[in-house]
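**Student:** build me a model from this:
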Amino acid sequence: MTLIRVDQKMRVRLPKHVREKLGIRGREPLDIEVSGDRAYISKPKKVDISADPVIRDMVERPMRSEIKVTSKLLNRWKDEMWMP
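**Tutor:** So this is what the prediction gives:
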């Protein structure tokens, strides 16, 4: 186990061996799960765009204006996918 500290701006710096083991690069999004008094960090899983017809339609036909993007849909996308 590696002990790390939180800086004055409430940030943590992952040690080099952890970044290398997980293949993490700068400014890459990470998933953080809190369970009890522990926090687990992992790389987010990528979403297969072909599985979601709305995302697939937006990627295949980006100029189409008929897609109604609601805050509920945006929140779902934020929870399900990430952009490197």
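
**Student:** what's the next secondary structure element after the strand or helix carrying Asp57?
**Tutor:** Counting by DSSP states H and E, the element that carries Asp57 is helix 53-60. Downstream of helix 53-60, the first helix or strand assigned by DSSP H and E is helix 71-80.

**Student:** for that next one, packing partners?
**Tutor:** In terms of contacts (3 or more CB pairs under 8 Å, 6 or more residues apart in numbering; DSSP states H and E), helix 71-80 is not packed against any helix or strand. Any C-beta I mention is one placed from the backbone N, CA and C, and that applies to glycine too.

**Student:** could you dump it to PDB, C-alpha only?
**Tutor:** Extracted as PDB, the C-alpha positions of helix 71-80 are listed here (Å, rounded to 0.1, in the frame of the first residue of the first chain):
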ATOM      1  CA  SER A  71     -30.600  17.400 -19.700                       C
ATOM      2  CA  LYS A  72     -31.600  13.900 -18.800                       C
ATOM      3  CA  LEU A  73     -30.000  12.500 -21.900                       C
ATOM      4  CA  LEU A  74     -26.800  14.600 -21.300                       C
ATOM      5  CA  ASN A  75     -26.600  13.300 -17.700                       C
ATOM      6  CA  ARG A  76     -26.900   9.800 -18.900                       C
ATOM      7  CA  TRP A  77     -24.100  10.300 -21.500                       C
ATOM      8  CA  LYS A  78     -21.900  11.900 -18.800                       C
ATOM      9  CA  ASP A  79     -22.400   8.900 -16.600                       C
ATOM     10  CA  GLU A  80     -21.800   6.300 -19.300                       C
END
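
**Student:** report the angle between that helix and helix 53-60.
**Tutor:** Relative orientation of helix 71-80 and helix 53-60, computed by axes from the mean of the first three to the mean of the last three CA atoms, to 10 degrees: 80 degrees.

**Student:** nothing else from me, thank you.
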